[in-house]
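Undergrad: I would like the atomic coordinates for the input below:
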Amino acid sequence: MKILLPVDGSSYSTRAVRYVVKHMPSFGKRLSLTLVYVDPPTIERVSKYVSAEDLARFHEKNAAAALRAAKRVLSKAKISFRERHLVGDAGTSVARVAKEERSDMIVMGSHGRGALKSLLLGSVVSKTLASTRLPVLVVR
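TA: Okay, the predicted model is just below:
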């Protein structure tokens with residue numbers, strides 16, 4: 001089974017990673033994991049004054065920080081994984097990567113905001129659900 005694990009460095013995404021580790025037998029013997037981190041794009045007004053190299057370093061630094069806990073959990077459990085780092089809208093990017101990777105499932109953490117806060121702030125889980133036909137396991 002191919003599982004896509006979007007992470008953002010939060011305790012919620014780390015909880016989703018731990019869930020996958022704990023339930024490994026349920027996912028089958030041939031488990032393939034891909035961690036994906038999607039960094040939001042910089043504001044256009046800012047990116048005009050920053051070099052492409054500096055922007056790339058900025059996004060890579062954010063990715064390294066966001067992936068640190070998930071990589072630690074998977075490495076401790078001796079589970080191999082791949083990584084993808086992207087810049088864009090998290091919800092639609094996760095769905096696109098899942099399709100590109102031919103994932104069987106997306107497992108992601110949820111911050112557990114209420115409906116009103118999600119409406120106002122947006123929800124990566126909601127956008128992902130709206131953008132994919134794959135099963136999405138939401139860990140809270």
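Undergrad: so what does the residue of the chain most remote from its centre have for phi and psi?
TA: Distance to the chain centre peaks in the chain at Y49, reaching 28.7 Å (criterion: C-alpha atoms, centre = their mean). Torsion angles at Y49 (phi, psi; degrees, to the nearest 10) stand at phi -100, psi 0.
Undergrad: and for D8?
TA: phi -130, psi 10.
Undergrad: isn't it up against L35?
TA: No - with contact defined as C-beta atoms under 8 Å, D8 does not count as touching L35 (10.8 Å). C-beta coordinates here come from the backbone N, C-alpha and C atoms, glycine included.
Undergrad: can you get me the start-to-end distance on stretch 32-52?
TA: In stretch 32-52, first residue to last residue: 33 Å (C-alpha to C-alpha, to the nearest Å).
Undergrad: distance from the longest strand seen in the chain to the middle of the chain?
TA: When the chain is parsed with DSSP state E, its longest strand is strand 32-39. Relative to its chain's centre, strand 32-39 lies at 5 Å (C-alpha atoms, centre = their mean, to the nearest Å).
Undergrad: what is whichever helix or strand comes after it packed up against?
TA: Later in the chain than strand 32-39, the nearest helix or strand by DSSP states H and E is helix 44-47. If contacts are counted by 3 or more C-beta pairs under 8 Å, 6 or more residues apart in numbering; DSSP states H and E, helix 44-47 sits against no helix or strand.
Undergrad: which other residues reach helix 44-47?
TA: P41, L55 (C-beta atoms under 8 Å, 6 or more residues apart in numbering).
Undergrad: check stretch 77-85 too.
TA: Residues contacting stretch 77-85 (C-beta under 8 Å, 6+ apart): 5, 21, 24, 31-37, 39, 59-60, 63, 67, 71, 74, 97, 101.
Undergrad: switch to 10 Å and redo it
TA: 3-7, 17-18, 20-22, 24, 31-39, 59-60, 62-64, 66-67, 70-71, 73-75, 93-94, 97, 100-101 (C-beta atoms under 10 Å, 6 or more residues apart in numbering).
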